[in-house]
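Student: Pasting a predicted model and its sequence here:
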Amino acid sequence: DKTKATVVKAAFLPPALVKRLDETCSMVEWDTLSEAERAAAAANARVLAVNGESVVTAEFIARFPKLELIADFGVGYDGIDVAAANARGIAVTNTPGVLTDDVADLAMGLLLATSRRIVEAQRFVERGDWANGGFTWTKKVSGGRIGIAGMGRIGQAIARRAAGFDMAISYTDRQPVAGCPHAFVADLATLAAGVDFLVMCVNGGDKTRGLVNAEVLKALGPEGILINIARGTVVDEAALIAALDAGTIAGAGLDVFEHEPVVPAALQGRPNVVVTPHMASATHATRKAMGDLVFDNVAAHFSGEPLKTPVLPY
Ligand code: 8YV
């Protein structure tokens, strides 16, 4: 009986995780239910399973009177009203750690692809243009200056990779990170002004909305490259497009966008912009590890053990 389910799945989750949840709990898929079924399912649900792109408002949470846990398949939880959940004693868990390497890898991939114009170079070869002469010269990466905005787990993993490229590393965050050997810069525009590559790794949500604005892009300057693997909301996309049009910055590598899955046409087809479809954590190994961590949190909850990875409001 669908309406007796204790777990409501309200977003895309990997089939292997869905199978495990289905085998051990009673699970329903929110999207497949009628309004009447939703009301009945919500009345019994103890766990809500969502992902990093999910929008879980206080109003939505209020539909679930017996809810105990919101389990997020993702490290980011900016879409979840954690304060509203916590106010009702509902815990929220995410999937930190297991995706750090992949996200840092893709950040470096975008940085290399954008600077060295790898995607444009492939188009050049495929068009047959090589026969008419060599490809344009590109921007050197090794030894460059990288500015990391958000020196959390992912920012630190990017810094480790950047060190392998002999880069000069500086960063900004709400405050200096204890034990972090890199140069702290209090203000994002100042950080941008002093680097070749600005990499956004901050949390999403209201506190970071539009952080990369016209002023920051101007500070990054005509040789500067913006990389965003955080959330689309941290970049003012209209300001970015204007900056690309005007040559205010040299280029951008973007895995996340303001209105996913919409990627503005003005960000496509440019030689100096590389776009990917929010795929930084999407490797087989990591998606399995993320799914296992979601499962472990749900299992811990049902067996009364401490949650593996609970979060606090941003
Ligand atoms: C996922 C993410 O794309 O972890 C996050 O915060 O954005 C990504 O890992 C997402 O959560 C899965 O849908």
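Tutor: Now that the structure is in, tell me what you want to look at.

Student: hey, let's count contacts and neighbours off CA atoms from now on
Tutor: Fine.

Student: what about stretch 146-157, how long is it end to end?
Tutor: 13 Å (CA to CA, to the nearest Å).

Student: hmm, who's touching it?
Tutor: For stretch 146-157, contacts defined as CA atoms under 8 Å, 6 or more residues apart in numbering pick out 97, 100-101, 103-104, 159, 162, 167-173, 177, 188, 191-192, 194-203.

Student: What residues does the residue positioned nearest the centre of the chain make contact with?
Tutor: Centrality entry for the chain: nearest residue to the mean C-alpha point is Ala230, 4.0 Å, by CA atoms, centre = their mean. Applying CA under 8 Å, 6+ apart to Ala230 gives the contacts 200-204, 255-256.

Student: give me that answer again for 7 Å
Tutor: 200-204, 256 (CA atoms under 7 Å, 6 or more residues apart in numbering).

Student: Ok, Ala71 next?
Tutor: Neighbour list for Ala71: 48-50, 92-94, 294 [criterion: CA under 7 Å, 6+ apart].

Student: The same query, at a cut-off of 6 Å, please.
Tutor: 49, 92-93 (CA atoms under 6 Å, 6 or more residues apart in numbering).

Student: same question, Val234
Tutor: Here Val234 is in contact with 208-211 (CA under 6 Å, 6+ apart).

Student: quick one: it and the ligand, what's the gap?
Tutor: 13 Å (CA to the nearest ligand atom, to the nearest Å).

Student: Excluding residues flanking it in the chain, which one is nearest the residue nearest to the centre of the chain?
Tutor: Leaving aside its sequence neighbours, Ala230 sits nearest to Cys201 (CA to CA, 6 or more residues apart in numbering; 4.9 Å).

Student: What is the burial count for the one you found?
Tutor: By the criterion of other CA atoms under 10 Å, Cys201 has 26 neighbours.

Student: got it, and Thr276?
Tutor: Counted with other CA under 10 Å, Thr276 comes out at 15.

Student: one step back: give me the subset of the contacts of Ala230 lying in strands.
Tutor: Those of the contacts of Ala230 mapping onto strands are Met200, per DSSP state E.

Student: which ones among the contacts of stretch 146-157 are found in strands?
Tutor: Those of the contacts of stretch 146-157 lying in strands (DSSP E): 168-172, 197-200.

Student: Next, give phi and psi for the residue of the stretch 201-314 of the chain at minimum distance from the ligand.
Tutor: When scored by CA to the nearest ligand atom, the stretch 201-314 of the chain has Ser281 as its residue closest to the ligand, at 4.7 Å. When read as degrees, to the nearest 10, the backbone of Ser281 gives phi -100, psi 10.

Student: so who does it touch?
Tutor: Neighbours of Ser281 in contact, by CA under 6 Å, 6+ apart: 99, 102-103.

Student: With Val18 instead?
Tutor: So Val18 contacts nothing (CA under 6 Å, 6+ apart).

Student: same question, Glu120
Tutor: Taking CA under 6 Å, 6+ apart as the definition, contacts of Glu120 comprise Pro271.

Student: try 10 Å this time
Tutor: Shown in contact with Glu120 (CA atoms under 10 Å, 6 or more residues apart in numbering): 113-114, 126, 135-136, 269-274.

Student: again with Gly133
Tutor: Going by CA under 10 Å, 6+ apart, the list of residues near Gly133 is empty.

Student: Perfect, I'm done here.
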